[in-house]
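[1] Below is the structure, and that's it, no one-letter string:
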């Protein structure tokens with residue numbers, strides 16, 4: 001029950017819940033590797049004090065710097081199990 005949405009830059013895929021419209025995670029393929037970032041705001045029972053929030057500005061970012069930032073900050077080596085009964089099931093390696 002997840003659909004995929006890609007903006008005009010085509011550098012990331014937003015995985016959108018078809019029931020509520022939430023975006024639980026976003027993936028980006030860079031040099032044949034899939035990277036992901038997870039939206040922790042959708043987690044149940046997460047203590048908000050454990051989340052470090054920072055202001056982020058992407059204005060003026062070109063494609064090269066965008067992909068480099070994702071390589072540095074996103075979860076690396078992600079595999080999405082599309083055959084699972086839970087469409088959002090994913091594994092991440094170190």
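    Alright, I've got the coordinates. Since this is a predicted model, take the numbers as computed values, not measurements.
[2] what residue ranges in the chain score low on pLDDT?
    83-94 (pLDDT under 70).
[3] From residue 11, how far out is residue 24?
    From residue 24 over to residue 11 the distance is 19 Å, taken as C-beta to C-beta, to the nearest Å. Every residue, glycine included, has its C-beta placed from N, CA and C.
[4] higher neighbour count, those two?
    The neighbour count for residue 24 versus residue 11, taken as other C-beta atoms under 10 Å, is higher for residue 24 (19 against 14).
[5] secondary structure element for the most centrally placed residue in the chain?
    In the chain, the residue lying closest to the centroid (C-alpha atoms, centre = their mean) is residue 26, at 2.3 Å. Assigned by DSSP states H and E, residue 26 belongs to strand 25-30.
[6] Just the residues contacting that strand, thanks.
    Residues outside strand 25-30 that contact it (C-beta atoms under 8 Å, 6 or more residues apart in numbering): 11-15, 34-39, 67, 70-71, 74, 78, 80, 88, 90.
[7] any idea which helix or strand comes after it?
    Counting by DSSP H and E, what follows strand 25-30 is strand 33-38.
[8] so how many other residues sit close to residue 67?
    So residue 67, with other C-beta under 10 Å, has 18 neighbours.
[9] try residue 66
    16.
[10] Tell me how far residue 81 lies from residue 29.
    Going from residue 81 to residue 29 by C-beta to C-beta gives 17 Å.
[11] again, but for residue 5
    15 Å.
[12] same check, this time on residue 62
    Residue 62 is 18 Å from residue 29, where distance means C-beta to C-beta.
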